[in-house]
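Trainee: Any chance you could fold what I've pasted below:
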Amino acid sequence: MTIRIVTDSTCDLPPHIIEAYNIKVVPLFIHFGQESYQDGIDLSREAFYARLARDTTHPTTAAPGIAQFQTAYAQLAAEGASAILSIHISSDLSTVVEVARLAATEFDEIPVTVIDSKAMSLGMGFIVQKVAEAIAEGQSIQDLLTLIDHLSARTYVFAALGTTQYLKRSGRVSGWQNGLGALLQIKPLLKHHHGVSGSELIRTPAKAIERVIQLVEALGDLERLALVHSDALDKALALRRQAQHLFPHGEEPLAVNVTPVIGTHIGPGAVGFAVLAAAKSG
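Mentor: Predicted structure coming up:
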């Protein structure tokens, strides 16, 4: 059986990993007014963040359409796939899974299993990469589905935001909270685990970074740890130095500039971690 993976552009996997495992990526959309861009195709991350900082029109995001997923599935079937795993961003954050499921129900060339990763950004990327490795080892569909459940339960993303301005623009916090945050230097800390989003309000940026590190330390042994940031590489490198003790031995940590689909909502200046905790023995 030839099993192929479809995912979406929010996975934040580096291009060399996507190419190495022949993963099909379906892009989401970013809209600036009447202008529409495919994430990762028509608009680079650098260009997006530069425009986000200067443009008075706040961008919006949208899931791919049913036709885009069906085109992706048909391409893989034409390339010889006998089954597809379509793994996507957590359904608490986007409608991507819902659209993919509608597309799969109307696609009858080969079996397509659509999976809610219950993860985001490079956290989902970790899951997709591990599944791709398991496919290369010859694991069955059922074994892969079990693996995804286990991986999802061990995947976390923590990030300290640089501002509440963009959360306010996208309707995620009220105006008074945004104003209070600016006045008192309160910075939100965002958390995501197993399909559940959460947040904390931290008094200063330095304390927000300390809290992000504490959250990772509390997980114990780690299998994977990577830096995620929104147009804030200098902050990410500083965080890497501060948290050097957390990285698994011998691992060269990734530092990923997150997709514009997420950057639209959190704005520039965010920094944090994508984490895959180690599996518990027994």
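Trainee: what about residue 136, neighbour count?
Mentor: By other C-beta atoms under 10 Å, 12 other residues sit near residue 136. To be clear about C-beta, it is placed using only N, CA and C from the backbone, and glycine gets the same treatment.
Trainee: From residue 63, how far out is it?
Mentor: 29 Å (C-beta to C-beta, to the nearest Å).
Trainee: Same question for residue 92.
Mentor: For residue 92, the distance to residue 63 (C-beta to C-beta) stands at 14 Å.
Trainee: out of those two, which sits in the busier spot?
Mentor: In this view residue 92 and residue 63 are compared by other C-beta under 10 Å, and residue 63 has more residues nearby, 21 against 14.
Trainee: and the gap between the more buried one and residue 30?
Mentor: From residue 63 to residue 30 the distance is 12 Å (C-beta to C-beta).
Trainee: do residue 224 as well
Mentor: 28 Å.
Trainee: quick one, which of the two is more surrounded?
Mentor: A count of neighbours by other C-beta under 10 Å puts residue 30 above the other of residue 224 and residue 30, at 26 against 23.
Trainee: That one should be in a strand, yeah?
Mentor: Yes. Checked against DSSP: H, G, I helix; E, B strand; the rest coil, residue 30 lies within a strand.
Trainee: Residue 260 is in contact with that one, correct?
Mentor: Yes. Residue 30 is within contact range of residue 260, at 5.1 Å (criterion: C-beta atoms under 8 Å).
Trainee: All the strands of the stretch 51-200 of the chain, residue numbers only.
Mentor: Ranges of strands in the stretch 51-200 of the chain, per DSSP state E, counting those that start in this stretch, are 60-62, 83-88, 112-116, 155-160, 187-193, 196-202.
Trainee: Okay, now the sheet partners of the shortest one, with direction.
Mentor: Using DSSP bridges, the neighbouring strands of strand 60-62 in the sheet come out as strand 29-32 (antiparallel).
Trainee: Which residue is the nearest non-sequential neighbour of the one residue sitting closest to the centre of the chain?
Mentor: Centroid-nearest residue in the chain, with C-alpha atoms, centre = their mean: residue 121, separated by 1.0 Å. Nearest residue to residue 121 in three dimensions, chain neighbours excluded: residue 12, at 4.8 Å (C-beta to C-beta, 6 or more residues apart in numbering).
Trainee: residues in contact with that neighbour?
Mentor: Counting by C-beta atoms under 8 Å, 6 or more residues apart in numbering, residue 12 touches 121-122, 124-125, 228, 256, 258-259, 274.
Trainee: cool, residue 129 as well?
Mentor: Counting by C-beta under 8 Å, 6+ apart, residue 129 touches 13, 17, 21.
Trainee: any idea whether the second one is helix, strand or coil?
Mentor: For residue 17, the assignment made with three-state DSSP gives helix.
Trainee: quick one: residue 255 and residue 2, what's the gap?
Mentor: Distance of residue 255 to residue 2, computed by C-beta to C-beta: 34 Å.
Trainee: Could you do residue 29 as well?
Mentor: Computed as C-beta to C-beta, the residue 29 to residue 2 distance reads 30 Å.
Trainee: likewise residue 214?
Mentor: Separation of residue 214 from residue 2 (C-beta to C-beta): 44 Å.
Trainee: Neighbour count: those two, which is higher?
Mentor: residue 2 (13 against 10).
Trainee: How many residues are close by residue 56?
Mentor: Applying other C-beta under 10 Å, we find 5 residues neighbouring residue 56.
Trainee: Need the single longest helix in this structure, by residues.
Mentor: helix 121-136 (DSSP state H).
Trainee: Tell me how far that one lies from the chain's centre.
Mentor: Computed by C-alpha atoms, centre = their mean, to the nearest Å, the chain-centroid distance of helix 121-136 equals 12 Å.
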